[in-house]
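Asker: When you get a sec, could you give me coordinates for this:
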Amino acid sequence: MNVLITGAARGLGYELAKISAARGHAVVACVRDAARPADGLLQLAERYPGLVRIEALDVADESQAQALAAKLRDEGFVLDALVNNAGILLGRSGGIASLELDELKRTFEVNLYGPLMVAKHLTPLMRESMSGAEIVVHVASDAGSFAGAYGGDYPYALSKMALSMFTKQLNEELKPRGIRALAVHPGWMRTDMGGESAPLSPSESALGIIDLIEGTTEVAAETWFVDHTGREMPV
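Answerer: You can find the predicted model right below:
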């Protein structure tokens, strides 16, 4: 299986790349600066030569997504799974009265427009599959749902809600090609974003997401929003 992962430098993205490679999958690990990847990712590429490749991709820059797609296409590289993991969390302090519009715009650039542009240029490289084995995973959040709404984190929550809507739309478009799209709530993890008090490690979440990608954890055909264990999430 060939898997492309955005935001692979650290946290969940790195764990997804590490577990994928350990299971024998070819990984395109995308980071903003491929010339200076995090040490862990660099060591991973050295540990799995020929399986893990590090590529530059700032998801907020459409030209980079277009260039990476062209590069992979020229190599004849076909994708089985696309994981839009890159994301940011801004504007946490205060409520609506202190919301900075620039932080809202920047969050949408990365958390929504980024996955849109990555999907635009890279889903054409995905195999068609009558078995439905090919998959696009968007790392979503329960914060981006009506059921999980709370007063705060407006940029993050609104961008993730829009991402979930995009996932549903993309799922409908890709169905005829045998490709499904899932919005996956990864759980509250001990990452830079989640903090040290979170109950879940990135590796635990990544293991569940890889099981979803491989089809080990089955998800009903009509379901498109789940957590990392495959449990359907309320919208």
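Asker: What's the per-residue pLDDT of S129 here?
Answerer: S129 is assigned a predicted lDDT (pLDDT) of 69.
Asker: cool, A69 as well?
Answerer: 98.
Asker: ditto for the one 3 residues further on
Answerer: Here, the pLDDT recorded for L72 equals 98.
Asker: so it sits right up against C30, yeah?
Answerer: No: using Cβ atoms under 8 Å, L72 is not in contact with C30; the gap is 11.1 Å. To be clear about C-beta, it is placed using only N, CA and C from the backbone, and glycine gets the same treatment.
Asker: For those two, indicate the residue with more neighbours.
Answerer: Neighbours per residue (other Cβ atoms under 10 Å) separate L72 from C30, with C30 holding more: 30 against 20.
Asker: and the helix or strand where the more buried one lies, average pLDDT?
Answerer: Taking DSSP states H and E as the definition, C30 sits inside strand 26-31. The average pLDDT for strand 26-31 rounds to 98.
Asker: Quickly run through the sheet partners of it, with directions.
Answerer: Strand 26-31 pairs in its sheet with strand 2-5 (parallel), strand 52-56 (parallel), by DSSP bridges.
Asker: Just the CA atoms of stretch 152-164, as PDB, please.
Answerer: Extracted in PDB, the C-alpha atoms of stretch 152-164 (Å, rounded to 0.1, in the frame of the first residue of the first chain):
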ATOM      1  CA  GLY A 152     -14.300  28.700  22.500                       C
ATOM      2  CA  ASP A 153     -11.600  27.700  20.000                       C
ATOM      3  CA  TYR A 154     -13.600  29.300  17.200                       C
ATOM      4  CA  PRO A 155     -11.000  29.100  14.400                       C
ATOM      5  CA  TYR A 156     -10.200  25.400  15.100                       C
ATOM      6  CA  ALA A 157     -13.800  24.200  15.700                       C
ATOM      7  CA  LEU A 158     -15.200  26.100  12.600                       C
ATOM      8  CA  SER A 159     -12.400  24.900  10.300                       C
ATOM      9  CA  LYS A 160     -12.800  21.300  11.500                       C
ATOM     10  CA  MET A 161     -16.600  21.400  11.000                       C
ATOM     11  CA  ALA A 162     -16.000  22.700   7.400                       C
ATOM     12  CA  LEU A 163     -13.400  19.900   6.900                       C
ATOM     13  CA  SER A 164     -16.000  17.300   7.900                       C
END
